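1. Sequence first, predicted model second:
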Amino acid sequence: MDHLSRRKMLIAGGALGALGVFGAASPATARSSWTWAPSGSVAGSGSATDPQWVWDDEADQLLGDVLRRGDVPRVNAALRTWTRNDQPVPADLPQDVREFMEQARRLPSWADRDKLETAARFNKTRGFYLNILNGIGGGMLSTAIPREARAVYYSQGGADMEDRVAKTSKLGFAVGDLNAYRPDGKCVVEAVKTRMVHAAVRNLLPRSPGWSRTSGGQTIPISLADMLVTWHSLPTYTMRKMREWKVPVTAAEWEAYLHVWQVTAHLLGIREDYIPATWAAAEAQSDQLLEPVLGPTPEGVELTDILLGQLAEQTSPGGLDRPLVNAFARYLVGNRIADWDGIPREPFWEAAIKTAWPPLVAAREGLIKLPLVPQIAWTIDEAARQYILFYLSKGEEVHIEIPEANRPF
């Protein structure tokens with residue numbers, strides 16, 4: 001792995017020492033056999049097939065054809081014009097792509113508009129926590145998921161992490177928008193585009209010598225198990241942390257927040273017999289899928305350093321707040337994952353955050369009940385989100401686009 005910096009290798013090597021020889025089987029292959037019952041899914045039944053051996057066959061076949069035909073530039077040009085949920089699929093797409101997208105954009109029959117609207121209101125009052133947990137916390141978890149870290153690192157997006165994070169943020173911010181699944185929203189659009197990107201990566205990444213050397217025997221990346229692992233690093237992790245912080249959330253709000261992510265999972269191509277129907281089912285699935293696969297990789301350490309560097313630049317040009325960013329990241333994911341990610345210890349800031357954060361949450365929750373505070377909070381949170389996107393995109397419009405190649409060596 002001569003393409004990784006020596007410093008990152010040394011940091012990662014220390015973390016990997018606990019796992020044995022460098023390059024040995026990673027935690028991503030160490031989980032127990034699949035026992036989660038499909039009776040706990042939104043479908044209520046299913047084949048109980050281990051999702052580690054299931055992919056998105058329809059999308060994978062389509063994007064394989066698109067790549068072989070050399071149609072990626074044509075498809076990307078058309079997709080740039082598709083920006084709202086209520087827009088027709090672009091007419092100048094190849095017919096097979098257009099037909100796929102017409103089907104893929106449909107909400108499931110069980111989608112509940114009332115719950116989606118409740119989720120939008122929940123995002124309005126709780127956007128502060130959701131942005132922190134999905135953005136920083138979920139980001140640090142993702143770099144401690146070996147398969148995800150390596151898929152990101154060796155795919156085309158790994159060569160420009162600012163661009164990669166900006167595109168990932170497009171989907172995350174679309175889910176959190178007040179109009180996420182309304183006609184003028186963007187969640188359907190960004191989810192379908194992301195599904196197609198995943199399918200392209202499944203076709204491309206096996207050709208990467210870097211990924212093949214570190215895949216732990218996986219021959220096709222981004223299985224449905226991998227997608228579920230990522231899914232749990234977002235809503236399930238966020239739900240657990242907000243409960244840990246004692247943020248007051250009603251049962252209806254929790255149900256709605258789960259629902260918006262259930263619908264998003266469907267649009268990303270996850271089968272309904274794998275999408276958890278309740279938070280209890282989600283936690284049980286997360287315990288089986290996410291926890292056992294977490295671990296260190298040199299790619300994850302490299303990506304973590306880039307992500308936290310970007311965050312420090314966003315909060316303070318020149319990176320003056322990097323120690324504070326390091327400490328807050330540790331607070332969000334804990335010392336075990338932070339050590340695997342190679343995040344430096346910052347004793348002063350770690351102690352300060354541990355002392356200050358619970359009172360800050362309590363004070364915020366006391367204020368959130370006052371008139372106009374939710375609207376003001378949303379305005380501030382939305383301004384921060386737009387600033388982050390502007391910074392990462394260097395002021396240019398961000399488009400989720402289908403890759404044509406892997407990260408160059």
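-> Perfect, I can see it now.
2. For the rest of this, base every contact and every neighbour count on C-alpha atoms.
-> Noted.
3. Remind me what the helix or strand containing Asp287 packs against, helices and strands.
-> Taking DSSP states H and E as the definition, Asp287 sits inside helix 279-289. Identification of packing neighbours for helix 279-289 by 3 or more Cα pairs under 8 Å, 6 or more residues apart in numbering; DSSP states H and E yields helix 224-231.
4. ok, back up a step: may I have the helix or strand that the helix holding Asp287 is followed by exported as PDB, CA atoms only?
-> Downstream of helix 279-289, the next assigned helix or strand under DSSP H and E is helix 298-315. Written as PDB, here are the backbone C-alpha positions of helix 298-315 (Å, rounded to 0.1, in the frame of the first residue of the first chain):
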ATOM      1  CA  PRO A 298      -5.100   2.200   6.800                       C
ATOM      2  CA  GLU A 299      -7.600   3.500   4.300                       C
ATOM      3  CA  GLY A 300     -10.000   4.400   7.100                       C
ATOM      4  CA  VAL A 301      -7.300   6.300   9.000                       C
ATOM      5  CA  GLU A 302      -6.400   8.200   5.800                       C
ATOM      6  CA  LEU A 303     -10.000   9.100   5.100                       C
ATOM      7  CA  THR A 304     -10.700  10.100   8.700                       C
ATOM      8  CA  ASP A 305      -7.800  12.500   8.700                       C
ATOM      9  CA  ILE A 306      -9.100  14.100   5.500                       C
ATOM     10  CA  LEU A 307     -12.700  14.400   6.800                       C
ATOM     11  CA  LEU A 308     -11.700  15.900  10.100                       C
ATOM     12  CA  GLY A 309      -9.300  18.300   8.300                       C
ATOM     13  CA  GLN A 310     -12.100  19.400   6.100                       C
ATOM     14  CA  LEU A 311     -14.400  20.000   9.100                       C
ATOM     15  CA  ALA A 312     -11.700  22.000  10.900                       C
ATOM     16  CA  GLU A 313     -11.300  24.200   7.800                       C
ATOM     17  CA  GLN A 314     -15.100  24.700   7.700                       C
ATOM     18  CA  THR A 315     -15.300  25.800  11.300                       C
END
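5. Against which helices or strands is helix 298-315 packed?
-> Packed next to helix 298-315, using 3+ Cα pairs under 8 Å, 6+ apart, are helix 6-16, helix 138-143, helix 146-154, helix 161-176, helix 322-333.
6. Buried residues of the second one, list them for me.
-> Same thing as helix 138-143. Gly138, Gly139, Met140, Leu141, Ser142, Thr143 (16 or more other Cα atoms under 10 Å).
7. Output the below-cut-off pLDDT ranges for the stretch 201-350 of the chain.
-> Residues of the stretch 201-350 of the chain that meet the criterion pLDDT under 70 lie in 314-320.
8. before we move on, the earlier item: quick one: which of the helices and strands packed on helix 298-315 is nearest Leu62?
-> Across those, Leu62 has its closest neighbour in helix 146-154 (20.2 Å, Cα to Cα).
9. so for the closest one, what's the average pLDDT?
-> Mean per-residue pLDDT for helix 146-154: 94.
10. residues contacting Thr83?
-> Counting by Cα atoms under 8 Å, 6 or more residues apart in numbering, Thr83 touches Lys186, Val189.
11. Name the SS class of it, please.
-> Following DSSP: H, G, I helix; E, B strand; the rest coil, Thr83 is assigned to coil.
12. quick one: it and Glu401, what's the gap?
-> With distances taken as Cα to Cα, to the nearest Å, Thr83 is found 13 Å from Glu401.
13. same question, Thr219
-> 24 Å.
14. These two: who's more crowded?
-> Glu401 (18 against 11; other Cα atoms under 10 Å).
15. Contact partners for the residue nearest to the spatial centre of the chain?
-> Centroid-nearest residue in the chain, with Cα atoms, centre = their mean: Thr230, separated by 5.7 Å. Applying Cα under 8 Å, 6+ apart to Thr230 gives the contacts Ser142, Glu148, Leu290.
16. Save these as CSV, and put in distance to Tyr274 too.
-> Converted to CSV, the contacts of Thr230 look like this (distance: Cα to Cα, whole Å):
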residue, distance to Tyr274
Ser142, 20
Glu148, 19
Leu290, 14
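17. For Phe409, state which of the residues you listed is nearest.
-> For the contacts of Thr230, with Phe409 as the reference and Cα to Cα as the criterion, the closest is Glu148, at 19.1 Å.
18. Would you confirm that the closest one contacts Ser142?
-> Yes. With contact defined as Cα atoms under 8 Å, Glu148 reaches Ser142; the gap is 6.4 Å.
19. Where do the helices of the stretch 51-200 of the chain begin and end?
-> Applying DSSP state H, counting those that start in this stretch to the stretch 51-200 of the chain gives helices spanning 57-69, 72-79, 95-104, 113-131, 138-143, 146-154, 161-176, 187-204.
20. got these as a markdown table, with distance to Leu294 columns?
-> Listed next are the helices of the stretch 51-200 of the chain as a markdown table, based on distance: least, Cα to Cα, whole Å:
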| stretch | distance to Leu294 |
| --- | --- |
| helix 57-69 | 26 |
| helix 72-79 | 34 |
| helix 95-104 | 31 |
| helix 113-131 | 22 |
| helix 138-143 | 8 |
| helix 146-154 | 7 |
| helix 161-176 | 20 |
| helix 187-204 | 21 |
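21. what's the least confident stretch among those helices?
-> Per-segment mean pLDDT for the helices of the stretch 51-200 of the chain reaches its minimum on helix 161-176, at a mean of 75.
22. Could you check the angle that helix makes with helix 298-315?
-> 70 degrees (axes from the mean of the first three to the mean of the last three Cα atoms, to 10 degrees).
23. Run the chain-centre distance for helix 161-176.
-> 9 Å (Cα atoms, centre = their mean, to the nearest Å).
24. Now for Asn406, how many residues are close by?
-> A count of nearby residues for Asn406, using other Cα under 10 Å, gives 24.
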